[in-house]
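Undergrad: Have a look at this prediction, sequence included:
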Amino acid sequence: MAYDGVIMQRALARFDQARQRRAAEMEQRRRMLYARQPRLEEIERTLRGTMSRIVAAAAKKGEDPLPAIRALRDENLALQQERAQLLTELGYPADYLEDKPACPLCGDTGYTRSGVCACLKQYYAREQLAELSRLLPLGEARFDTFRFDLSKDSQTCKAKSILAGQQNYKLRAVALLIDSTTGEVVNARKAKVGGETDGVWALTVNKEATPVAYYTPDGRQLQSPTKGINIVRLADGRTVKMIVRK
């Protein structure tokens, strides 16, 4: 699917903030453990220098590097075991100092070979709802706190309470088409509300912006979007440019 560039930039900013926060928490964890057990810092420093030592061993002329590399491997394994034992003695898991990505699918990059990762899509969906809240003067009732897992009657009551507290001329009604798998808002339509304000009017989803065909920049029709620039023809006759990154 095509993504709004402005909203995606906001989602990426939130995504990077979360990644930086996790990195800061990991660094704080290391400092705390190093203060309690200085040997852990020595082990970590040695392990980080393993690769440069392997390169140095391989670069020596006239010598077989394999014995040196095997010795470094054995030393590395021994240090890892010692680190795990020290962490266990302190009451922590053996892998407590390993910097693991929060998302194993993309390694915290936000992208996989097939496109935008599910973890980044969640940030994008939240930013979409936040954008809708900014567009409508709803006061404390916001779309990013709206519950989509409630029953129809519950949602109608919530919508009525939102409408009841607004002035007539400020009222807008919004219909959302939401992907139940990712939580993304894949289509939306806003309209002025007339008449009584204590009810919810029937709304229809805007189908005018539905993609009906995809083309390459040189005019060749595609079965589906491909990596790079795609020209998308919409149901209302408009054409838009979509960039797919894989």
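TA: Structure received.
Undergrad: And the pLDDT at the spatially closest residue to G110 that is not a sequence neighbour?
TA: When the adjacent residues along the chain are set aside, G110 lies closest to L120, with 3.9 Å between them (C-beta to C-beta, 6 or more residues apart in numbering). Bear in mind the C-beta positions are built from the backbone N, C-alpha and C, glycine included. Reading off the confidence values, L120 has pLDDT 93.
Undergrad: separation between L120 and N230?
TA: Going from L120 to N230 by C-beta to C-beta, to the nearest Å gives 20 Å.
Undergrad: Low-confidence regions, the chain specifically.
TA: Within the chain, the segments meeting pLDDT under 70 span 1, 61-62, 135-209, 246.
Undergrad: Can you show me the strands along it?
TA: 111-112, 115-116, 172-178, 185-192, 211-215, 221-222, 228-234, 239-244 (DSSP state E).
Undergrad: Sketch out the helices for the protein, chain order is fine.
TA: 5-36, 38-48, 50-59, 65-89, 118-135, 152-164 (DSSP state H).
Undergrad: Which one, of those, ends up nearest to G219?
TA: helix 5-36 (24.2 Å; C-beta to C-beta).
Undergrad: If you count contacts, what does that closest one end up packed against?
TA: Judged by 3 or more C-beta pairs under 8 Å, 6 or more residues apart in numbering; DSSP states H and E, helix 5-36 is in contact with helix 38-48, helix 118-135.
Undergrad: Can you mark which positions in the last one are buried?
TA: Going back to what we said before, that points to helix 118-135. Buried residues in helix 118-135, counting neighbours by 16 or more other C-beta atoms under 10 Å, are found at 119-133.
Undergrad: Now stretch 2-21: buried residues?
TA: Y3, I7, M8, R10, A11, R14, F15, R19.
Undergrad: G91: which of these is nearest?
TA: Using C-beta to C-beta, the buried residues of stretch 2-21 come closest to G91 at R19, 27.6 Å.
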